[in-house]
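>>> prediction below, plus the sequence it came from.
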Amino acid sequence: KLSKRLQMIAERVPAGSKLADIGSDHALLPTYLAQQGVIVFAVAGEVNPGPFEAATRQVLECGLSQKISVRSGDGLAVIEPGEVNVITIAGMGGSLMASILEAGKGKLEGVTHLILQPNVGEDHVRRWLLAEGWKLDAEAILEEDGKIYEILTATAGTTGDKSSQEALYAERVLPGGVTVTKERLLQMGPYLVEEAPEVWFAKWESELKKLAMIEGQLKLSTAEASTAKAAQIAQEMKEIKEVI
Ligand code: SAM
């Protein structure tokens, strides 16, 4: 049985997909999707030998070697252009995820869906999608075993999407009269800000606590750079508090 997190990612993979799951670890996601008949083919990519071997074993044991190709390599280096139409990347930091996508840009030809679950640093992923003309379609958030995860789904943008995406992140006024800046939308999620689910509130309450700790530490120093950084964090906290 899949974790709730992987289950929610699986639900977002369109039927009939040719999938690349990058950083697949034990290849649980592609295995499940192949068993359910959702995908017709998958590449499970892994850069580290341990997880690569675990994925290879898992696919063999499930008798899925015809459908799932386990490959060793960094990020999108494991796929050929045009080989897959859906990419999932889950369970790593948003900044690593963005750098994997950036480095593998040449492999995204023919890819129509990106399903991304950064553990932290979601803003890096949103920023990359926006800069590269992908259309952020939806955001989901969930809690499992005391951890909170976001799942971002994006589709390959067409020419008209550039302006719709700029509009999605344009500074806006929430029903309560609070202004949300582009920076906060990139950080907190343009859809999540509107939908404001319970778990999302909990996430930002906890992020505020972390920021307060950092601010407190910075204030102990008299260095100019620390004072400036503390002021910047204070402003960020103020804006987050207004939004939630
Ligand atoms: N995707 C699975 C999930 O969400 O449950 C596994 C997540 S696991 C925490 C992250 C995996 O990404 C690790 O197995 C790690 O080896 C792999 N990884 C990290 N950087 C990678 C890269 N540049 N290319 C491919 N895999 C990578």
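Perfect, I can see it now.

>>> what residues does the chain have near the ligand?
6, 22-25, 45-48, 51, 74-75, 90-92, 100 (Cβ under 6 Å from any ligand atom). From N, CA and C alone the C-beta is placed, and that goes for glycine too.

>>> among these, which pair sits farthest apart?
Leu6 and Asp74 (22.4 Å; Cβ to Cβ).

>>> related to what we said a few turns ago, narrow the residues of the chain next to the ligand to just the buried residues.
Buried subset of the residues of the chain next to the ligand (neighbour count, 16 or more other Cβ atoms under 10 Å): 6, 22-25, 45-46, 51, 75, 90-92, 100.

>>> between those residues, which sits nearest Lys210?
After measuring those against Lys210 - Cβ to Cβ - the closest member comes out as Met92, at 19.5 Å.

>>> which residue is the nearest non-sequential neighbour of that closest one?
What sits nearest to Met92 in space, not counting adjacent residues and going by Cβ to Cβ, 6 or more residues apart in numbering, is Gly23, at 5.5 Å.

>>> how much space between the one you found and Asp74?
Using Cβ to Cβ, to the nearest Å, we find Gly23 at a distance of 10 Å from Asp74.

>>> who touches both of these two?
Residues touching both Gly23 and Asp74 by Cβ atoms under 8 Å, 6 or more residues apart in numbering: Val47.

>>> so who does Glu80 touch?
Lys107.

>>> how does it look with 10 Å?
Applying Cβ atoms under 10 Å, 6 or more residues apart in numbering, we find Glu80 in contact with 43, 107, 109-110.

>>> among these, who's most crowded?
Val43 (24 neighbours; other Cβ atoms under 10 Å).

>>> helix, strand or coil for that residue?
strand (DSSP: H, G, I helix; E, B strand; the rest coil).

>>> now the phi/psi pair for the nearest residue to it once chain neighbours are set aside, please.
Residue nearest to Val43 in three dimensions, not counting chain neighbours: Ala20, with 4.4 Å by Cβ to Cβ, 6+ apart. Main-chain dihedrals, Ala20, degrees, to the nearest 10: phi -120, psi 120.

>>> Ala20 and Val70: what is the separation?
Counting by Cβ to Cβ - Ala20 and Val70 are separated by 11 Å.
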